[in-house]
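S.K.: Dropping the sequence and predicted coords here.
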Amino acid sequence: MFESFDATLLARIQFAFTVTFHIVFPAFSIGLASYLAVLEGMWLWTNKGVYLRLFKYWMKIFAIAFGMGVVSGLVMSYQFGTNWAVFADRTGPILGPLMGYEVLSAFFLEAGFLGVMLFGMNRVGKGLHFFATLMVAAGTLFSAFWILSVNSWMHTPVGYAFNAQGQFVPDDWWAIVFNPSFPYRLVHMTLAAYLTTAFVVGAVGAFHLLKRRTDPAARVMVSMAMWMAALVAPLQLVAGDLHGLNTLEHQPAKVAAMEGHFETQQGAPLILFGLPDMQAGETKYAVEIPKLGSWILTHDWNGEITGLNAFDADERPNAAIVFWSFRVMVGIGLLMIATGLVSLWLRWRRRLFGARWFHRGLVAMGPLGFVAVVTGWITTEVGRQPYTVYGLLKTSDSIAPVAAPAVGASLLAFIVVYFIVFGAGTLYLLALMRRPVEQGESDRPDEAPTRTAGITPGPALPQGAGD
């Protein structure tokens, strides 16, 4: 069935498929772990039961998402030893220890305190339980630190040498870990995780506000999510711009593909839309703004931008994929910024909890953070082609001697199993989110009656109160 296919292409598709499923769960769990820490901290600080009920509500969702992330991530490590055995052998002396550090300093931290966070609320003191929640949140961030260090080194490899077997070996661990693109990727991905989680929380809160406008827990979710959107989405724009400038310095071919520029030119336009044609070497039907591309990338209206045609044909990433995935990511980011600004205006007008059109929009935007994360990953990884270690190890030289039918058969198996297992898990997560947060119950004997931000639960709650 797969005899006529290229084994390298099938292996790339298989890895891309599994990573696409995997990346959405860490992106969610990173942001959700920090959100849980904030909720528990707010409960301890204010003694308002609504924060504790929200903590318990989202803790269940976090546990499922965390487990799905762990399971989906394990599969990728096996692919390094099967489809990509040559890559694993060549880069093992560098990437192996970094992945080991991730397990020792991040996964063990998460797993060690996860049980206390999930089951220790009534078994340990409040302070110890809060410490466990903080450690779980820190563990997710440490995990992102090491994984992004690994990925960034593959894009901007430094601090290495070659041994007699042609393997990459460490020459300067500090340079390897803190490679040139790592700080930008770490900030960009962390902010993306927080925004992704914020819009999921905002969508769930808005969904329940549409059912019951006086729901205090839903109001807290919407309010906290929109503060995150208003404050962090503009920061993500700045972080993305700095990341782009770093990419221009180290991977100019990727930036040329992102921007749809095939010819090197000064005063390059910003191409808003178009159809990049790799064979013709041009972006057809381009809708562009003169000189704005040079100003964004070089901060000079007449700055020179290197086009894809300046690189050898076998050194060019697929511009059609990179061009559009980048625009989807940026478009969603701009929509998030606009949503944050609208929320500020509604909050000022004391209409944040009464604007049903806005709540419907928030529900629709719930999954867009995941779309932005996936398209951002596609931009990054497809833009690195044709290399696994940029400029040093080509993808075609990284593949193990595997037959196309074997790779194709395992790809089909992954597709079937993933859609069944993770499809069911996702449906269960959505079912949990559809359930309202329990209202009006005392979670601790010493709790005061539930109030939040000046809101008293009940049908007499005035419109706009608590904005």
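M.R.: Nice, I can see it. These numbers were taken from a predicted model, which means no experiment stands behind them.

S.K.: going forward, measure contacts between C-alpha atoms and count neighbours the same way
M.R.: Fine.

S.K.: element containing residue 239, please.
M.R.: helix 216-250 (DSSP states H and E).

S.K.: any idea how far the helix or strand that residue 413 is a member of is from the chain center?
M.R.: Using DSSP H and E, residue 413 sits in helix 404-434. How far helix 404-434 lies from its chain's middle: 19 Å, per C-alpha atoms, centre = their mean, to the nearest Å.

S.K.: Which positions in that helix come out as buried?
M.R.: Within helix 404-434, the residues that count as buried by 16 or more other C-alpha atoms under 10 Å are 404-405, 407-408, 411, 414, 418, 422, 425-426, 429, 433.

S.K.: Show me the helices in this structure, by range?
M.R.: Secondary structure of the chain (DSSP state H): helices at 7-46, 49-81, 85-102, 108-119, 126-155, 173-177, 182-211, 216-250, 252-259, 292-298, 319-348, 356-365, 368-382, 404-434.

S.K.: most tightly surrounded among the ones you listed?
M.R.: helix 252-259 (a mean of 26; mean count of other C-alpha atoms under 10 Å).

S.K.: Pull the contacting residues for residue 266.
M.R.: By C-alpha atoms under 8 Å, 6 or more residues apart in numbering, the contact list for residue 266 reads 294, 302-305.

S.K.: can you pull up the bridge partners for it?
M.R.: residue 304 (DSSP bridges).

S.K.: So it versus residue 303, what's the distance?
M.R.: According to C-alpha to C-alpha, to the nearest Å, residue 266 stands 5 Å off from residue 303.

S.K.: Find the residues that touch each one of the two.
M.R.: When contacts are counted by C-alpha under 8 Å, 6+ apart, the set common to residue 266 and residue 303 consists of residue 294.

S.K.: returning to what we had before: what is the helix holding residue 413 packed up against?
M.R.: Other helices and strands packing on helix 404-434, by 3 or more C-alpha pairs under 8 Å, 6 or more residues apart in numbering; DSSP states H and E, are helix 7-46, helix 49-81, helix 182-211.

S.K.: who touches the closest residue to residue 323 other than its chain neighbours in this structure?
M.R.: Distance criterion C-alpha to C-alpha, 6 or more residues apart in numbering; nearest residue to residue 323, sequence neighbours excluded, is residue 258 at 4.4 Å. Residues near residue 258 by C-alpha under 8 Å, 6+ apart: 319, 322-324, 326, 379, 383.

S.K.: quick one on the thing from earlier: in CSV, list the helices of the chain along with mean pLDDT and distance to residue 163.
M.R.: Output for those, formatted as CSV (pLDDT from 0 to 100; distance: least, C-alpha to C-alpha, whole Å):
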stretch, mean pLDDT, distance to residue 163
helix 7-46, 90, 26
helix 49-81, 88, 21
helix 85-102, 90, 10
helix 108-119, 85, 32
helix 126-155, 92, 18
helix 173-177, 95, 16
helix 182-211, 94, 25
helix 216-250, 93, 25
helix 252-259, 93, 29
helix 292-298, 88, 38
helix 319-348, 94, 35
helix 356-365, 94, 50
helix 368-382, 94, 27
helix 404-434, 89, 31
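
S.K.: Tell me which of those helices sits nearest to residue 278.
M.R.: The closest of the helices of the chain to residue 278 is helix 319-348. By C-alpha to C-alpha, the value is 6.8 Å.

S.K.: Between helix 252-259 and the closest one, find me the angle.
M.R.: Relative orientation of helix 319-348 versus helix 252-259 (axes from the mean of the first three to the mean of the last three C-alpha atoms, to 10 degrees): 60 degrees.

S.K.: Show me how far helix 319-348 is from its chain's centre.
M.R.: 14 Å.

S.K.: Report all helices and strands that it contacts.
M.R.: Helices and strands touching helix 319-348, by 3+ C-alpha pairs under 8 Å, 6+ apart, are helix 216-250, helix 252-259, strand 270-277, helix 368-382.
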